[in-house]
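Participant: 3D, please:
(2 chains)
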Amino acid sequence: MEIKNRVKELRARDGLTQGALAEKVHVTRQTIVALEKGSYVPSLLLAMNIARTFEMPVEEIFSIEGEDS
Amino acid sequence: MKIMKSVWISLAVLGLFSWALVEFYSASIDISKFLQDPEREYMFEIRLIPFVAFFLIGGWLAFVSIRKKRKYQSWKKVFLLPDEFEESDEREKQLTAQACRSAYISMWYSFPVISALLLLYPFVTETLPYYPILVFALLPITQIITYTVSWKKNF
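Facilitator: Now for the predicted structure:
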């Protein structure tokens, strides 16, 4: 099972750079890069921080691959 | 990548430390001979270049490293943790944990090989009396390389 996310799409929607989002959620830019590539699964804390930044529920940003959101 | 700089610094310090130990080992042999034969004219001879290089270059590298880390971390972390530990967020902490796991596993493979290499010591005693120091230095070098490869692979 893999987790997919909409971080890249939502970041573009809000006009945020990877660096700006990284700063908002207190991680490095490389972590955002890895997150968008799908090579890193974030902790619950980071997922919730990202959800708060985009003002959306966590489950609308992160979902299990193959399952309907 | 910041970690590569730290790795090169660690390898350089380790190399200088081994060089100084090799020189010190020669002096130890002299001291041992002197204790067995007090009529010898001198106690020991030692070349100071390895020690000067270790303290000057190693000291400078340590100073640079400490000054860089002091901005971000507590004193405890600055002095006790290796430079290779990049833990500025949760992903880097995870990478460090994976790399430490790999380095630990590598110890179980490198230790028997290094121990076996020590069995060759009787054959090189004359030409390389400091052979055990060089062989023993292979253990941290193996672990540093394994740590770095794991970190870079997962980065």
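
Participant: near chain A, which residues of chain B?
Facilitator: B:S88, B:D89, B:E90, B:R91, B:E92, B:F155 (C-beta under 8 Å from any C-beta of the partner chain). In short, each C-beta sits where N, CA and C put it, glycine included.

Participant: Which among the residues you listed count as buried?
Facilitator: B:D89, B:E90, B:R91, B:E92 (16 or more other C-beta atoms under 10 Å in any protein chain shown).

Participant: could you give the mean pLDDT of the strand or helix carrying B:T96?
Facilitator: B:T96 is located in helix B:90-118, with elements delineated by DSSP states H and E. Here the mean pLDDT over helix B:90-118 is 95, rounded to a whole number.

Participant: what do you get for stretch B:65-74?
Facilitator: The average pLDDT within stretch B:65-74 is 73.

Participant: what's the span of that stretch, first residue to last?
Facilitator: 14 Å (C-alpha to C-alpha, to the nearest Å).

Participant: who touches that stretch?
Facilitator: Residues outside stretch B:65-74 that contact it (C-beta atoms under 8 Å, 6 or more residues apart in numbering or on different chains) are B:S6, B:I9, B:K77, B:V78, B:F79, B:L81, B:D83, B:S88.

Participant: what comes up buried for it?
Facilitator: Residues B:S65, B:K69 are the ones in stretch B:65-74 that count as buried (16+ other C-beta under 10 Å).

Participant: Could you give the separation of it from the chain centroid?
Facilitator: In this view, stretch B:65-74 has its centroid 21 Å away from the chain centroid, taken as C-alpha atoms, centre = their mean, to the nearest Å.

Participant: now swap in stretch B:19-36 and tell me
Facilitator: 20 Å.

Participant: CA atoms of it as CSV?
Facilitator: What follows is stretch B:19-36, C-alpha atoms only, in CSV (Å, rounded to 0.1, in the frame of the first residue of the first chain):
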residue,chain,number,x,y,z
TRP,B,19,49.2,8.5,11.0
ALA,B,20,50.0,10.0,14.4
LEU,B,21,49.3,6.6,16.1
VAL,B,22,51.6,4.8,13.6
GLU,B,23,54.4,7.3,14.5
PHE,B,24,53.6,6.9,18.2
TYR,B,25,53.8,3.1,17.8
SER,B,26,57.4,3.4,16.5
ALA,B,27,58.2,5.5,19.5
SER,B,28,56.6,2.8,21.8
ILE,B,29,58.9,0.1,20.2
ASP,B,30,61.9,2.4,21.0
ILE,B,31,60.7,2.9,24.6
SER,B,32,60.2,-0.8,25.1
LYS,B,33,63.7,-1.5,23.8
PHE,B,34,65.1,1.2,26.1
LEU,B,35,63.5,-0.4,29.1
GLN,B,36,65.0,-3.8,28.2
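
Participant: what's the average pLDDT for it?
Facilitator: 91.
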